[in-house]
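J.: got a sequence here, can you build the structure:
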Amino acid sequence: WERAIAAGRAYGMVHQGLWFDVGSPANAANGNDAPHLLATTAHARSANAATRFPLPPPAEGAGARASAGASVSGALPRFANIAEPRALPATAGIPHNRAKNYLLREGVPVPFLVHLGVMTTQGKVIAAKHDKFRQINRFLEYIDDVLPVVLAQRERAAAGKGGASASTGSALPPPAPLRIVDFGCGKSYLTFAVHYFLTELRHIPCDITGLDLKADVIAYCNKLAIDFGCKNLHFAVGDIASYKSDAAPDIVITLHACDTATDYALNYAVTRGAKAILSVPCCQHELNAQLAYKAAASANGSAPESAAPHDATATDSAASASSPFAALLKHGLLKERFAALATDALRAAYLEAVGYRVQVLEFIDMSHTPKNLLLRAVKKPTSTKSPAAPKEADALTAALGVTQTLGTLLSSYKASAESIATA
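T.: Residues are numbered from 1 along each chain as shown. Next comes the predicted model:
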C-alpha cells in the first residue's frame, strides 16, 4: 500500500483529484495516524467532500511520518523511509495447498497408469495427464458411493438363498464375484481403474467385462490385462444392442456410448436386474433429429421427407408457432442442447419408473468430449417405484411430440413383466 501511494503521487494522481492525508487532526485524535486515501474531484477539494479508505498500518520501523497537523488542502506530503513490503506468510498449512485425498494416491505407482503414461514409475502424475488422473479418481468415488448398497443387496439375496438351502439341507455356495459390465469401454482407462480399486484397495473379488466395437482396441486391452495379471478382467468385441451374457450384472457402466447405444445399455441393465448403473450419455441425436424435423415444418409449412424422424408416429405439437418450445427450435445450438437435456431427463424418469433411485451429477470432462453429465441409478425395493415418473415422461414426450428409445424398450419390458405377474 505504501509503495502504491508513492507511485500514485509520482504519476500525478493529484490531477485527477486524488491526494493523501497522512495524519489529519481527526486521525490523531482517534489514535490513528495511518495514511488515508482521499478521493474527490478537482472542483471540490475539501475534507468534507472526500471519501476515506483506511489503509492497513505500515510495518514497524516504517520511519518518520508527516506531522499530525499536516494540511489536507496544500501540497502533497512527503514520505520518508517507506518500509519494505512484508513477506507473505508460509502457505504450506493452508487447506487449498494440502495434498488431495484421492482414492488412487499420487506417489503410489499404479501399474496400468504407469503404462498408459498417466504416472511415472515413482508414482508422480504427469502434468499433462493430471486432468485424466482427477477424472479417474472422481469416477472411482462414484463407484465407492454405490458399493455399500450393491453389497447389501447381494447379501440379502444370498441370505434368501441360504434359507432355501437350509430347508433342503444343501450347502450354501460361495459368494460370486461382483459382476460388472462396461459398455463402450474404449481404451479402458476407467475399466482398469475399477478393477484395481476393487481388487487391490477394497479387496472385493470382481468379474469385469468391457465391450466395444473396435477389434484392435479390444485386442490391446486384453493384452494389457494379461500383462498386468488382472484376473477376471476381459474384453470383447460386440454391439451393445445385441450383447448377451449368462451372468446377471451387479453394476453396469456406460460412458459416452453414442446416441441410442446408451439406451440399449440402460435397457440391458434394467432387464437383467442390475443393482447400480453409472452412465455418462453422449451424442443425443435421436430427439435432436425429431425436433429438427418439427422446426423445419414450422418454418416452411412442411418438411422434406429426408428430414423426417425415424419414428413417423411422432406428433407435430412442438412444431407449431404457438408452441412454448418454438423459440428453442429456431436456433440450432439451443435446440441441440435442449434435446440433450430432454433426452437425459426422460432417461432418468424411465429409470425411476422401473424402481431406481436416480441422481443427475456432474462428471469431469473427458479430453475428447464436453459431455459431463452422469446418471447414477441405484435399484430400490420393487415396492417403492415412483408412480409420478411415468406420467412426467409421458407429459414431456407428448409436449415435444417425440419418442425416445429407452421408453420404447422399457415399455415392452414392463408389459412383459406385468403379464408374467398376473399369470
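J.: lowest average confidence, helix or strand, in this structure?
T.: In the chain, the helix or strand scored least confidently by mean pLDDT, DSSP states H and E is strand 36-39, which has a mean of 41.
J.: over to Ala236: give its phi and psi.
T.: Backbone geometry at Ala236, expressed as degrees, to the nearest 10, gives phi -140, psi 150.
J.: any regions of the chain where pLDDT drops low?
T.: The chain contains residues with pLDDT under 70 at 1-99, 161-173, 294-323, 365-371, 382-384, 414-423.
J.: for it, which helix is longest?
T.: helix 130-168 (DSSP state H).
J.: so after that helix, what's the next helix or strand?
T.: strand 178-183 (DSSP states H and E).
J.: which neighbouring elements make contact with the following helix or strand past that following strand?
T.: Counting by DSSP H and E, the next helix or strand C-terminal to strand 178-183 is helix 189-196. For helix 189-196, the helices and strands in contact under the criterion 3 or more C-beta pairs under 8 Å, 6 or more residues apart in numbering; DSSP states H and E are helix 111-115, helix 130-168, strand 178-183, strand 206-212, helix 215-227, strand 233-237, strand 251-258. Where you see a C-beta, it was placed from the backbone N, CA and C, and this is true even at glycine.
J.: which helices and strands sit right next to the first one?
T.: Packing partners of helix 111-115 (3+ C-beta pairs under 8 Å, 6+ apart): helix 189-196, helix 215-227.
J.: which non-adjacent residue is nearest Ser188?
T.: Distances taken as C-beta to C-beta, 6 or more residues apart in numbering place Cys221 nearest to Ser188, at 4.7 Å, with adjacent residues excluded.
J.: residues contacting the one you found?
T.: By C-beta atoms under 8 Å, 6 or more residues apart in numbering, the contact list for Cys221 reads Cys185, Lys187, Ser188, Thr191, Gly210, Phe235.
J.: top of those residues by neighbour count?
T.: Greatest neighbour count in those, by other C-beta atoms under 10 Å, goes to Gly210: 28 neighbours.
J.: please name the nearest non-neighbouring residue to it.
T.: Using C-beta to C-beta, 6+ apart, the closest residue to Gly210 is Cys185 (3.4 Å).
J.: likewise for Val125?
T.: Phe133 (4.8 Å).
J.: what's the answer for Leu113, then?
T.: Leu113 sits nearest to Met119 (C-beta to C-beta, 6+ apart), 4.3 Å away.
J.: just His115 next, same as before
T.: Leu224 is the one closest to His115 (C-beta to C-beta, 6+ apart), at 6.9 Å.
J.: in the chain, which spans are helices?
T.: Using DSSP H, helices in the chain cover 2-10, 25-29, 111-115, 130-168, 189-196, 215-227, 261-271, 285-300, 326-329, 332-353, 388-400, 405-422.
J.: of all the residues in stretch 238-251, which ones are buried?
T.: Residues of stretch 238-251 classed as buried by neighbour count (16 or more other C-beta atoms under 10 Å): Ile240, Pro249, Asp250, Ile251.
J.: please look at the first one and Gly184 and confirm they touch.
T.: Yes: with contacts counted by C-beta atoms under 8 Å, Ile240 reaches Gly184, the gap being 6.9 Å.
J.: overlap in contacts, these two.
T.: Leu211, Thr254, Ala257, Ala261, Ala265.
J.: isn't the residue nearest to Leu113 up against Gly107?
T.: No: Met119 is not in contact with Gly107 according to C-beta under 8 Å; the separation is 9.4 Å.
J.: higher neighbour count, the two?
T.: Counted by other C-beta under 10 Å, Met119 and Gly107 do not tie: Met119 has more neighbours, with 23 against 10.
J.: from Phe133, how far off is Lys214?
T.: Going from Lys214 to Phe133 by C-beta to C-beta, to the nearest Å gives 24 Å.
J.: what do you get for Gln284?
T.: For Gln284, the distance to Phe133 equals 28 Å [C-beta to C-beta].
J.: more neighbours: these two, which one.
T.: Gln284 (25 against 21).
J.: tell me if I'm right that that one and Asp344 touch.
T.: Yes: Gln284 is within contact range of Asp344, at 7.2 Å (criterion: C-beta under 8 Å).
J.: what comes up buried for stretch 337-347?
T.: Applying 16+ other C-beta under 10 Å to stretch 337-347 flags Phe338, Ala339, Ala340, Ala342, Thr343, Asp344, Leu346, Arg347 as buried.
J.: and what of stretch 126-142?
T.: Using 16+ other C-beta under 10 Å as the test for burial, stretch 126-142 gives Lys129, Lys132, Phe133, Gln135, Ile136, Asn137, Arg138, Phe139, Leu140, Tyr142.
J.: leaving out chain neighbours, which residue sits closest to the fourth one?
T.: What it means is Gln135. Using C-beta to C-beta, 6+ apart, the closest residue to Gln135 is Ile364 (4.3 Å).
J.: so what's that neighbour up against?
T.: By C-beta under 8 Å, 6+ apart, the residues touching Ile364 are Asp131, Arg134, Gln135, Arg138, Asn372.
J.: before we move on, what about His203?
T.: Shown in contact with His203 (C-beta under 8 Å, 6+ apart): no residues.
J.: and what of Tyr350?
T.: Leu266, Ala389, Ala393, Gln404, Leu406, Gly407, Leu410.
J.: wait, Ile126 touches Met119, no?
T.: Yes: using C-beta under 8 Å, Ile126 is in contact with Met119, at 6.8 Å.
J.: find the nearest non-adjacent residue to Leu334, please.
T.: Leu328 (5.3 Å).
J.: so that neighbour sits against Lys335, correct?
T.: Yes: counting by C-beta under 8 Å, Leu328 touches Lys335, with 5.9 Å between them.
J.: kind regards, and thank you for your time.
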